[in-house]
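J.: give me the fold of what follows.
(one chain, ligands or ions: 2)
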Amino acid sequence: MEQTLVIVKPDAVARRLIGEVIRRCEAEGLVVRGLKMVALSQREAEGFYHVHRQQPFFGSLTSFMASGPCIAMVLEGEGAIRRVRDIMGATDPLKAEQGTLRRSFATSIERNVVHGSDSAESAAFEIPYFFSRVELL
Ligand code: UDP
Ligand code: MG
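T.: Ligands and ions are numbered 1, 2, ... in the order given. Prediction:
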């Protein structure tokens, strides 16, 4: 069984979309193995997104991610990484398919509601960034 890290981003928490994100993932058969609300510091957001540190959007992205509480979750299922990416849709909501979370709810390419690990390698870094062994059930 594959695990992936999902974050309900601050825009979606503020807009009361936590339940909607979880509902769509559970409806696709994914199982919640860990879940918590977190308030990232600027430095913690920078550490999480360190692969993007050279990107022009890095400063804005990380201050957005530190601007309010997030929900972090570990979801499990066969092909969970790919399946969550499909539920999310493309990074840019204008390019995301109809019915995806980002197409439905994102307000910009930055404020795009949800994060999901993009590979097994990313998931292996991202899951322990938020969850210790005893928090994954
Ligand atoms: N992002 C942005 N501007 C861009 C590309 C990305 O603000 O031009 C933000 C957006 O919030 C995105 C995050 O940076 O979700 C991480 O970018 P990535 O390319 O990894 O997209 P994702 O994997 O989240 O679809
Ligand atoms: Mg990514």
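
J.: which helix or strand contains the spatially most central residue of the chain?
T.: Against the mean C-alpha coordinate of the chain, by CA atoms, centre = their mean, the closest residue is residue 115 at 2.1 Å. Assigned by DSSP states H and E, residue 115 belongs to strand 114-116.

J.: same question for that strand, mean pLDDT?
T.: The pLDDT scores in strand 114-116 average 99.

J.: same thing with stretch 61-76?
T.: For stretch 61-76, mean pLDDT is 98.

J.: please compute how far that stretch lies from its chain's middle.
T.: Put simply, stretch 61-76 sits 7 Å off its chain's centre (CA atoms, centre = their mean, to the nearest Å).

J.: do I have it right that the residue nearest to the centre of the chain meets residue 11?
T.: No - the pair residue 115 / residue 11 is not scored as a contact, 11.5 Å apart, by CB atoms under 8 Å. To be clear about C-beta, it is placed using only N, CA and C from the backbone, and glycine gets the same treatment.

J.: what is the end-to-end distance of stretch 4-21?
T.: When the termini of stretch 4-21 are compared using CA to CA, to the nearest Å, they are 14 Å apart.

J.: mind checking how far it is from the chain centre?
T.: 8 Å.

J.: ok, now stretch 130-137?
T.: 17 Å.

J.: ok, residues contacting it?
T.: Contact with stretch 130-137 is made by 3, 5, 33-34, 36, 38, 72, 74, 127, as judged by CB atoms under 8 Å, 6 or more residues apart in numbering.

J.: buried stuff in it?
T.: Across stretch 130-137, burial judged by 16 or more other CB atoms under 10 Å covers 130-131.

J.: need the distance between the two termini of it.
T.: Across stretch 130-137, first to last residue, CA to CA, it's 14 Å.

J.: you'd agree residue 5 is in a strand?
T.: Yes - counting by DSSP: H, G, I helix; E, B strand; the rest coil, residue 5 is found in a strand.
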